[in-house]
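Chemist: model the structure of this input:
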Amino acid sequence: MDYHNVIRGVLERITNRGVDPYYTKRPPVTPEDIQLFNCGGDIELPDQLCRFYIEFSNGFELRWNTEDEEECGEINFPTLENLARRRTRWINRVNSFANDPKSLNQCIDPEHRLRAFKIWELMKDWLPLVQGPEGDSYCIRLSDAVMVFDKHDWFDGFGSPRLAQSNGLIIGDTFDDFFSAWAYRDFEDPWFSDSLHLEGMERLEWPD
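Modeler: Residues are numbered from 1 along each chain as shown. Predicted coordinates:
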């Protein structure tokens, strides 16, 4: 994927609306930087994500809104340094629930706790790349590089079809699929958090 061309298309569409977007981009990293990152932590970055950092940028931010604020979009993609910090915070939080058998006693009914603990275990394999405005996260599964959605409050009342019965629904079969789909929509909030997260669901569809 030509990430430069994708972002140029986003900026062109936004400016054609008469909107002046905020956009800042850091220089790309080297393969040696990626190697140092992989050696310095508990994970190894998937190939497409490595290519993004090497070919495009070591993090960028783009945000915009119309004058009436009826439409807006935003993405803040982390530097490798910030990505490492996110991973540390993420795994510490996940472990605090996954490794404590009493952690869900106050928020999940007993009949749903076993399934919830299985989800926490799966979340140990996720790396949060981008955070949404409500605290949700767009994550990459390190084992297969599939993009999944973390609903920030999924475990609060877990088991109810009106709240959530699942977490980690697929939002892109690859990082490039996810990035191109969101960029095509100019990084507007897809409102995945308001979608049903029912048991047996596997993916969330991008809105038209």
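Chemist: use CA for all of it now, contacts and neighbours both
Modeler: Fine.
Chemist: okay, now the unreliable bits of the chain?
Modeler: Residue ranges of the chain with pLDDT under 70: 161-163.
Chemist: please, where are all the helices along it?
Modeler: Counting by DSSP state H, the chain has helices at residues 3-16, 31-40, 47-55, 80-98, 110-123, 175-184.
Chemist: now the longest one: buried residues?
Modeler: Within helix 80-98, the residues that qualify as buried by neighbour count (16 or more other Cα atoms under 10 Å) are 80, 83-84, 86-87, 90-91, 94, 97-98.
Chemist: check the chain and tell me which residue is nearest its centre.
Modeler: Residue closest to the average C-alpha location in the chain (Cα atoms, centre = their mean): Y138, at 1.2 Å.
Chemist: just the residues contacting stretch 140-147, thanks.
Modeler: 43-46, 125-129, 138-139, 148, 170-175, 178 (Cα atoms under 8 Å, 6 or more residues apart in numbering).
Chemist: again, only this time at 10 Å
Modeler: Contacts to stretch 140-147, defined as Cα atoms under 10 Å, 6 or more residues apart in numbering, come from residues 43-49, 122-130, 138-139, 148-149, 168-179, 203.
Chemist: quick one, which of those residues are buried?
Modeler: Here, 16+ other Cα under 10 Å leaves 43, 45-46, 49, 123-124, 126-130, 138-139, 148-149, 168-172, 174-176, 178-179, 203 buried among those.
Chemist: who does the residue nearest to the centre of the chain form a beta bridge with?
Modeler: Here Y138 sits in beta bridges with V130, F149, going by DSSP bridges.
Chemist: relative to P207, how far out is the residue lying closest to F52 once chain neighbours are set aside?
Modeler: Leaving aside its sequence neighbours, F52 sits nearest to Y3 (Cα to Cα, 6 or more residues apart in numbering; 7.3 Å). From Y3 across to P207, the span is 22 Å (Cα to Cα, to the nearest Å).
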